[in-house]
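Peer 1: how would this look folded up:
(one chain, ligands or ions: 1)
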Amino acid sequence: MKTWKPGLLLGTLALAVLAGCGKKEEAAGAAAQAGPADAGVLHVYNWSDYIAEDTVPNFEKESGVKVTYGVFDSNEVLEAKLLAGSSGFDVVVPSLQFLGRQIQAGVFQPLDKARLKNYAGLDPELMKRIAVQDPGNEYGIPYLWGTTGIGYNVDKLTAAFGGTDIAASWDLVFKPENIAKLKDCGVMMLDTPTELVPIALNYLGEDPNSTDPAVIQKGADLLKTIRPYIQTFHSSQYIDALANGSACLVVGWSGDILQARDRAAEAGNGVEVAYSIPKEGTPLFVDMLAIPKDAKNLDNAYAFIDYLLRPEVAAANSNYVSYPNPVPASLPSVDQAIREDPTIYPPPEVAAKLFTLAIIPPEVDRIYTRLWTELKTGR
Ligand code: SPD
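Peer 2: Here you go, the predicted structure:
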């Protein structure tokens, strides 16, 4: 199901640049004051490696709110906490398809958009696409988005294949004779069936969002054929592993792999990392800010979300983590190298091959979980 045409979003972003609408925001005074129910604190739970270093300190300085900031690296971990209830979080960041089913489970409170003065700055085309899984955009605000693709060590790939062109196709990962060549230099993969099975299905020409057990099994079978060559399943350690040269091939998230590239360059260790969006297509994800129903510090939650939507703040986050943000007016402040990087902002012909992940029904989730356990344990 190719539901999302991000080319439209990119078009909007390009228009924003052409119109020069990156007006600088006033730095001070915009964060809401803590209300009477708030205790001057805020509990945020976000993905690891997903915010600029100074975003939270700057917000704390401006608002006087003390932020407790926790991190996770998988939707499944976040979901388990949310479904258990009383998570203690005021702002969380599930991916859109997980937000969709958590809305159905009654986990979040509807947003009072009147409390977000920067709401109007969100990309309207993106919001329309999001509304497919969050009807009326009632519960979630987009934070950052990206793709799932191939990260690789340029020298190791060149040594094995005489060049890096092979990274343009999922053939590199899914043909055993290819991935076998990289086994000894370290292959890592995201530890989540909800991305890897759809990627495998899409590669096979199947609907990546199929809920048919027989079709899902085909994806799992393909993954089994390459299992002997995968050293580690993990959803965040691959950044350092790529950067320090202990992994040479990774299926991971775009910005994370580009952060690995930057870390290697900063370390000056001679490791060159690159990211590829394979030509057969891959998931495009959006991670969403949402407020749990039982959040205790509502005023601060709104103030923080609104802060993240300021063009200058959104640009700073994109510049730091190499993921695009949903605020078109931020684009003029996004570094040119990031803005013009086709692996970060995919051009229309690449974007046309990207697909969104659908909400997974519980019975399919159980199949995914069983298949994933079998894959990892080699059963
Ligand atoms: N290190 C931050 C990674 C954020 C990735 N979001 C996950 C999207 C899953 N569909």
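Peer 1: pLDDT score assigned to residue 131?
Peer 2: Looking at residue 131, its pLDDT is 97.
Peer 1: swap that for residue 359, sorry
Peer 2: pLDDT for residue 359: 96.
Peer 1: what is the burial count for it?
Peer 2: If you count neighbours by other C-beta atoms under 10 Å, residue 359 ends up with 18. (Each C-beta comes from the backbone N, C-alpha and C, glycine too.)
Peer 1: and for residue 275?
Peer 2: With other C-beta under 10 Å as criterion, residue 275 counts 25.
Peer 1: look at it and give its secondary structure.
Peer 2: Counting by DSSP: H, G, I helix; E, B strand; the rest coil, the backbone at residue 275 sits in strand.
Peer 1: equivalent analysis for the one 3 residues further on, please.
Peer 2: Each residue gets one of three states, and residue 278 gets coil by three-state DSSP.
Peer 1: how about residue 316?
Peer 2: helix.
Peer 1: hang on, it packs against residue 53?
Peer 2: No: using C-beta atoms under 8 Å, residue 316 is not in contact with residue 53, being 9.4 Å away.
Peer 1: give me the more crowded residue out of these two.
Peer 2: Neighbours per residue (other C-beta under 10 Å) separate residue 316 from residue 53, with residue 316 holding more: 21 against 9.
Peer 1: for the nearest residue to that one once chain neighbours are set aside, give me its contacts.
Peer 2: Leaving aside its sequence neighbours, residue 316 sits nearest to residue 52 (C-beta to C-beta, 6 or more residues apart in numbering; 4.6 Å). Neighbouring residues of residue 52 by C-beta atoms under 8 Å, 6 or more residues apart in numbering: 316-317, 319-321.
Peer 1: phi first, then psi, for residue 52.
Peer 2: Backbone torsions of residue 52, given as degrees, to the nearest 10, read phi -70, psi 150.
Peer 1: so how far is the ligand from it?
Peer 2: Separation of residue 52 from the ligand (C-beta to the nearest ligand atom, to the nearest Å) stands at 13 Å.
Peer 1: show me what residue 41 bridges to in the sheet.
Peer 2: With DSSP bridges applied, the residues forming beta bridges to residue 41 are residue 66.
Peer 1: quick one: it and residue 64 touch, right?
Peer 2: No: in this structure residue 41 lies outside contact range of residue 64 using C-beta under 8 Å: 10.5 Å.
Peer 1: mind checking the SS state of residue 100?
Peer 2: Secondary structure assignment for residue 100 (three-state DSSP): helix.
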